[in-house]
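> Below are the sequence and a predicted model for it; my questions follow.
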Amino acid sequence: MAHDLSLLQEDLQEEIDGFGVDDYSSESDVIIIPSALDFVSQDEMLTPLGRLDKYAASENIFNRQMVARSLLDTLKEVSDDERDCIAVLERVSRLADDSEPTVRAELMEQVPHIAMFCQENRPSIPYAFSKYLLPIVVRYLADQNNQVRKTSQAALLVLLEQELIERYDVEAKVCPVLVELTAPDSNDDVKTEAVAIMCKMASMVGKDITERLILPRFCEMCCDCRMFHVRKVCAANFGDICSVVGQQATEEMLLPRFFQLCSDNVWGVRKACAECFMAVSCATSQEVRRTKLSTLFINLISDPSRWVRQAAFQSLGPFISTFANPSSSGQFFKEEECKNTEDRNLAEEHSNERIVDTEDIPTHDVQSQTELPLDADESDFAETLENDKEESNSMLVHSLPETMFHCTSSSESCQEAANKNEQSFDCCSIAVLPAPAPSSQEKPLSDQELYNSFNFWRTPLPKIDIDLELQETAETLDSETQEGEQEVVASASSNVTMATRKELEEMIENLEPHIDDPDVKAQVEVLSAALRASSLDPQEETTAGIGKSVDSQNELSIKDHLSFTSIQDDPVPLINDTAEDIVESALRYIHNDSDFSTNSSFSPEEEKKSKIQDIVPQALLDQYLSMTDPSRAQTVDTEIAKHCAYSLPGVALTLGRQNWHCLKDTYETLASDMQWKVRRTLAFSIHELAVILGDQLTAGDLVPVFNGFLKDLDEVRIGVLKHLHDFLKLLHPDKRREYLYQLQEFLVTDNSRNWRFRAELAEQLILLLDLYSARDIYDYLRPIALSLCADKVSSVRWISFKLVSEMVKKLYSAPPPTFVVDLMNELVETFCRCQKWSGRQTFAFICQTIIEDDCLPMDQFAEHLLPHLLLLASDRVPNVRVLLAKTLRQTLLEKEYFLTCVSAHQEAVEQTIVALQMDNDNDVKYFASIHPASTKIADDAMSTASSTY
């Protein structure tokens, strides 16, 4: 033990000696240690500059770091004296030469703050920053220490962003240094960092400086053959440079470099190009975007490197969105010039949006296509067609028997057959135009007929070949008598048997109960058209065939300027083949259980043709549509479908609603994807897509997907729920009412702890109050609101109180008044008379919210709710009485009704407050006696025991 004590004493002696204590007295055993206050008092006796000089000259690194850290405080102390400020900045210049990197890094971190101080005190030290601080920042950009360089780069960007560097200094001091650091003989790391700084500062210094001082060196760095790191930095920032310098400089100077970078032998450079492709595209013209960049992007999509392909597919949707027409997202009119006008064809027209495509038709093909009436908007084009048609009619009518021509304008059946089942054919280098706009002699089509879904969704009509037999029949038509014509018609109608007609009628009867379904409605229209075609009387059939042939010949004469000598060329047996083929086509359509959503009735060639448009290069769209291919997940990216779903609204906006048929299958594939993240992405954007597509397409294509999301996982349902009001407001009122029955399902979640789901439901119900009638609110929304008011989580209850108060306001303003009275009575029964104290407290909260938001006139509140509210003054739970005291003092007595009007209700309130002021609970006395500053309902809830989870 004695040995241990001696060792302890020796250690203690060594520690004392280590502290430099010389006043140790062995005789008195007293240790005298100088106080730290002695050193503090010595520093206080020094001036700020003296302290700065003392510690700046210290050999201790930490002291010098403290000097750098306290420079701003020192400047503030001497800010009244201009000479002292300059002296401090001169010390900064000397401190910048410190050999220790940590000191230099610490100094550079303080430079932006010192620069801000200099800017604020500019009158006293006008050029301080430019003379003393900026040279240090620029010099440190080439410092040997990596930490110092990084700190100076960050400081430079902050200074530029805050506009603390004068434009002259940028041109004379900053840019020349950066250009010098990117010289070929510069250090590799320094060169890479300098290029990155140049790219980042381009947007801060503006177009002029960038084009004159940065752009030439940037173009050189894009071709740096020695270091791929430099090229990679250039590629990553290429879009930023393009956006600064503008379209002309981009196309003349930058695009050639961009093409080189996209074909770089290092995959990291190509990947960087793919990632910035959208920004580059935004800085180019539509022509360059379509002719050059689209081809370049296809190369990146088919790149050998998987990482490049992955980045390209992620940028594909954003790149496609750059093809959008900035003026409007609805109507498009595109017309491509063709060298040979005889090989031009106008494509189909979709819904109430218009787009006219032209494509070359091979002269040897026999084609059948759906033709729609041309809109009257293209007046010049339509006028030309009408004039040509009138001239042709005037030539052809003279050769028609009068008894057989009157049907072309009077027979409704013939008009439907001509408009809905119109066929085009090609023979001897003949191409056809769409039917011209109706002339003044023709009956104009109604909106219902013009936009009938039959025009867009049906099995393509059978092809009709003009062979030698038809021509021979046409030649012998003059010699045939009326009786012979009737025999031909009879033979035509005999091919459509009575059994077939009966089968059609039975199918129509079976489908009529489900006529509300758009798909079923389209099937009924197909069958009805087939049945009408099979049941025409001989006179109508013959005349319809001749009338249809007249239109076809008119189109042929307009397109190819062919001369028909007489109407003898009209093939009367067409009716025979057409009627039979229509019936067979319709039956085959139904028997094959064709589905419009999958287009299973179309051949692969026809299905591919249906996705052709001219807004975006077709190759880009085809690649985008292929992102849902399962093989892409294996070869490109497992989350490629999610990227496709994320950019689909932008692609849909670019194509316009008239080309929605190109994306419909892809959207439905994504909506049924196995990954919930894909479906969740669509659920969050379905309301935006509904705005793009319009009410008709939304009702037909998006509503079924929306219904599916409502039954999905909570992770998907939350996307629908967050924008429930935004989507439902776009629907027809009748369709909107159908969702009233499904709102209750949102109360059930996969995880009962997911209280945010119920909170979001309450917020959406507040918005939905404007979309439904008082009856619907009372019958369907009221039970949900009352259920949410009793939720276990306080955050849900607070929102629900707001919901109930808004519901009271809505029902009071809408007749009849019985709804609001019944609701208030239910609030009293459910909450005010609840056995649980939390229910009674909920009633007080609801009353407080109703008063604060002026949801009811005070006389109505005093009549229906106030008597029950005052009864809570005798509640046995102090928390209820505390909230009652707050409600009366903070909210109710602030209303003019209770300040000016003397009534029995006012007396009852005052008596209740007096009773609460004498309550046994101190908190109740406190809130009943004074008027607290806080009046927010959330603060009230936080002060009660019920505000916990």
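Now that the structure is in, tell me what you want to look at. Numbers count the residues shown, from 1 in each chain.
> Okay, strands next: where are they in the chain?
Applying DSSP state E to the chain gives strands spanning 345-346, 358-359.
> what stretches of the protein score poorly on pLDDT?
Applying pLDDT under 70 to the chain picks out residues 1-45, 122-124, 126, 326-503, 510-511, 513-524, 526, 529-610, 901, 931-949.
> Chain neighbours aside, what residue packs nearest to residue 292?
residue 255 (7.2 Å; CB to CB, 6 or more residues apart in numbering). Quick note: C-beta positions are derived from backbone N, CA and C, even for glycine.
> Kindly report the same for residue 113.
residue 72 (5.1 Å).
> Go ahead and confirm the one you found touches residue 114.
Yes. Counting by CB atoms under 8 Å, residue 72 does reach residue 114; the two are 5.7 Å apart.
> Neighbour count for the two, which is higher?
Using other CB atoms under 10 Å, the more surrounded residue of residue 72 and residue 114 is residue 114, with 21 against 16.
> I'd like to know how far the more buried one sits from residue 88.
Computed as CB to CB, to the nearest Å, the residue 114 to residue 88 distance reads 9 Å.
> just residue 893 next, same as before
60 Å.
> When those two are compared, which one has more neighbours?
For residue 893 versus residue 88, the count of surrounding residues by other CB under 10 Å is larger for residue 88: 23 against 16.
> Next up, the contacts around the residue lying closest to residue 876 once chain neighbours are set aside.
Of all residues not flanking residue 876 in the chain, residue 837 sits nearest, at 8.0 Å (CB to CB, 6+ apart). Residues near residue 837 by CB atoms under 8 Å, 6 or more residues apart in numbering: 875-877, 879-880.
> Tell me how many other residues surround the closest residue to residue 864 other than its chain neighbours.
Nearest residue to residue 864, sequence neighbours excluded (CB to CB, 6+ apart): residue 824, at 4.6 Å. Counted by other CB under 10 Å, the residues lying close to residue 824 total 23.
> ok, residue 824 touching residue 807?
No. Using CB under 8 Å, residue 824 makes no contact with residue 807, being 10.6 Å away.
> still on that earlier bit, pretty sure the residue nearest to residue 292 sits against residue 291.
No. At 11.6 Å, residue 255 does not count as touching residue 291 under the criterion of CB under 8 Å.
> Could you check which of the two has the larger neighbour count?
residue 255 (19 against 11).
> what about that one, distance to residue 908?
Residue 255 is 82 Å from residue 908, by CB to CB.
> With residue 863 instead?
In terms of CB to CB, residue 863 sits 12 Å off from residue 908.
> ok, now residue 235?
78 Å.
> which of those two has more neighbours?
residue 235 (27 against 14).
> so that one sits right up against residue 276, yeah?
Yes. Using CB under 8 Å as the test, residue 235 is close enough to residue 276 to be in contact (7.0 Å).
> phi, psi of residue 323?
Here is the backbone geometry of residue 323 (degrees, to the nearest 10): phi -90, psi 0.
> nope, residue 853 is what I meant
phi -90, psi 0.
> Now do the contacts for it.
802, 805-806, 809.
> Try it again at 6 Å.
residue 805 (CB atoms under 6 Å, 6 or more residues apart in numbering).
> ok, so what distance separates it from residue 806?
Counting by CB to CB, the gap from residue 853 to residue 806 is 8 Å.
> same check, this time on residue 871
Counting by CB to CB - residue 871 and residue 806 are separated by 25 Å.
> what's the burial count for residue 228?
Residue 228 has 16 nearby residues by other CB under 10 Å.
> Does it touch residue 268 like I think?
No. Here residue 228 does not reach residue 268: they are 7.1 Å apart, not a contact under CB atoms under 6 Å.
> Burial check on residue 290, number of neighbours?
16.
> likewise residue 654?
21.
> got it, and residue 615?
Other residues close to residue 615 by other CB under 10 Å number 21.
> Relative to residue 667, how far out is the closest residue to it other than its chain neighbours?
Excluding the flanking residues, the one nearest residue 615 by CB to CB, 6+ apart is residue 655, at 5.3 Å. Separation of residue 655 from residue 667 (CB to CB): 12 Å.
> okay, the two: which has more neighbours?
Each of residue 655 and residue 667 has its neighbours counted (other CB under 10 Å); residue 655 has more, 25 against 21.
> what residues are up against the closest residue to residue 670 other than its chain neighbours?
In space, and not counting its chain neighbours, residue 670 is closest to residue 645: 4.8 Å by CB to CB, 6+ apart. Residue 645 makes contact with 670, 678, 681-682 under the criterion CB under 6 Å, 6+ apart.
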